[in-house]
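Asks: the following block contains a protein sequence and its predicted model.
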Amino acid sequence: MPLNDMKEHYSDIAGYFSETLCITWCEGLTLDEVAVVFGSGPDTGLRYDLVEAENAGHEAREEAGGVACSAIAGQLGSWLVVVEPDYGDTGSDHETLRALSAKGKALNVYSGVNSHSLDYYVNAQPLTVLQFIEWGEEPFHRQGEQPHLLDDLVGDFSASGPRTSRRSRWRWPSG
């Protein structure tokens, strides 16, 4: 792909996240089971390609008075990934993460205007919940059974900014 085409492609993707980013990964559930957790299902959810999903999401949002009401889901290796464009945040809800991880694992990354978090659940239990506060000695408000479990993944967020660590050798812990 030529460089100009790649730049345009990634600009289009970035457009899905005008002011928020909510991406959820889960392992252990089928696409239909995940759809039910997100408030849809085999009878009510629609199957679209990316362009159709984008168009339908914009139309549904206008009909719902600006309420986010679409998500794009698909398989990525052993994980099922749900992307919620345009102010979607269902995947960041703790009850949603409990349900998504009931038979395995769930990870959510959320970044909004005033909130940034990373949540990792295994077997319906929050192992690590990180809410970003600010750069400094301890940039996260930490919760969960193992609040430092993902430290090697998130790196060192010191006053000078983030530094990555051993990501290339990272393996998702099971708890």
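Replies: Ah, there it is. Residues are numbered from 1 along each chain as shown.

Asks: got any ranges where this structure has weak pLDDT?
Replies: Along the chain, the parts satisfying pLDDT under 70 run over 1-19, 41-42, 45-46, 50, 54, 57-58, 60-70, 86-87, 133-139, 154-175.

Asks: repeat the analysis, applying 80 as the threshold.
Replies: The model of the chain has pLDDT under 80 over residues 1-20, 41-72, 85-88, 112-115, 133-140, 147, 150-175.

Asks: by contact count, what packs against the helix or strand that contains residue 97?
Replies: Assigned by DSSP states H and E, residue 97 belongs to helix 94-100. Packing contacts for helix 94-100, counted by 3 or more C-beta pairs under 8 Å, 6 or more residues apart in numbering; DSSP states H and E, involve strand 21-27, helix 31-37, strand 105-111, strand 116-122, strand 125-132. Heads up, the C-betas are built off the backbone N, CA and C, glycines and all.

Asks: what would the ones you listed look like in a markdown table with mean neighbour count?
Replies: Output for those, formatted as a markdown table (neighbours: other C-beta atoms under 10 Å):
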| stretch | mean neighbour count |
| --- | --- |
| strand 21-27 | 22 |
| helix 31-37 | 18 |
| strand 105-111 | 23 |
| strand 116-122 | 22 |
| strand 125-132 | 20 |
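
Asks: using CSV, lay out these together with distance to residue 49.
Replies: CSV is the format used below for these (distance: least, C-beta to C-beta, whole Å):
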stretch, distance to residue 49
strand 21-27, 19
helix 31-37, 15
strand 105-111, 24
strand 116-122, 29
strand 125-132, 34
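
Asks: between those, which gets nearest to residue 95?
Replies: Nearest to residue 95 among these is helix 31-37; the distance by C-beta to C-beta comes to 9.2 Å.

Asks: just the CA trace of the helix holding residue 97, in PDB.
Replies: Taking Å, rounded to 0.1, in the frame of the first residue of the first chain, the C-alpha atoms of helix 94-100 are listed here in PDB:
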ATOM      1  CA  HIS A  94     -17.500  -3.400  35.200                       C
ATOM      2  CA  GLU A  95     -20.600  -5.500  34.900                       C
ATOM      3  CA  THR A  96     -20.000  -5.900  31.200                       C
ATOM      4  CA  LEU A  97     -16.400  -7.000  31.900                       C
ATOM      5  CA  ARG A  98     -17.600  -9.500  34.500                       C
ATOM      6  CA  ALA A  99     -20.000 -11.000  32.000                       C
ATOM      7  CA  LEU A 100     -17.400 -11.000  29.100                       C
END
